[in-house]
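[1] Need a 3D model of the sequence below.
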Amino acid sequence: MEVKICGLTQVPQAVAIAQMGVTAVGLICVPTSPRYVTPAQRWALNRALADYPVWRVGVVANVPVWEVIAMVKTAGFNAVQLHGEESPRDCQILREHLPDLFLIKAMRVRNAESLAQIPAYVPWVDRVLLDAYHPQHLGGTGVAWDWQMLGDQVPKVPWWLAGGMTPENCQAAIAQTHPQGIDVSSGVEHAPGIKDLERVTQLLQRIKGH
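    Have a look, this model is predicted:
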């Protein structure tokens, strides 16, 4: 089971979480987010994490593709998560210019129509992330979406489940939806951007074996 812990802001916590063996860590590069990290913080976090086998994911939303490419090259990311209204063409351009980039496209699931958009992205991305829809917030709300909507529209690419994931509900969520991975942010926090390492440990223990 792949695990991404998202919304990291502190170098010591990021290193401790990487040492736990997670698949990916997410740094929020969206200025309106309470977990936003500045360019200087991104560089420091990525530098500290460079010796660990984790995807260092820069999370962006509705940023021009050329700015994303520049960010990857200057901040040291080896992965990007597109969490806005980016098009399949945007993903294609990123893939063509950064062929080694680990690319995640997040879809905020509002209804069946949201899920119907997924196939257009499949040729260009490494993972699809299915998150809860919120009219004011792009993510990190701690709110789960109705997993039953997934039905038979399972992405034809490895996908991660996000939205309200916690150590308490992760086992039930995985059993119901069968994702390749989960993405967790507020469910393992003391406060936005400040992780509770004990809860991260609990989460990893409870999904062991999946």
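[2] CA atoms for contacts and neighbours, from now on please.
    Noted.
[3] Tell me where the longest strand sits in this structure.
    Ordering each strand of the chain by length in residues (DSSP state E) puts strand 102-109 first.
[4] That one: what's the following helix or strand?
    Counting by DSSP states H and E, the next helix or strand C-terminal to strand 102-109 is helix 112-116.
[5] Can you mark which positions in that next one are buried?
    Residues Leu115 are the ones in helix 112-116 that count as buried (16 or more other Cα atoms under 10 Å).
[6] any idea where the helices of the protein begin and end?
    11-19, 39-49, 65-75, 88-97, 112-116, 170-177, 197-207 (DSSP state H).
[7] These into a markdown table, with extra columns for distance to Ser185?
    Conversion of those to a markdown table gives the following (distance: least, Cα to Cα, whole Å):
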| stretch | distance to Ser185 |
| --- | --- |
| helix 11-19 | 12 |
| helix 39-49 | 17 |
| helix 65-75 | 21 |
| helix 88-97 | 24 |
| helix 112-116 | 22 |
| helix 170-177 | 13 |
| helix 197-207 | 10 |
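[8] Which among those helices is found nearest to Val122?
    Among the helices of the chain, the nearest to Val122 by Cα to Cα is helix 88-97 (8.5 Å).
[9] Counting neighbours, which bits of stretch 193-206 end up buried?
    Neighbour-count burial for stretch 193-206, counted by 16+ other Cα under 10 Å, picks out 193-195, 197, 199-200, 203-204.
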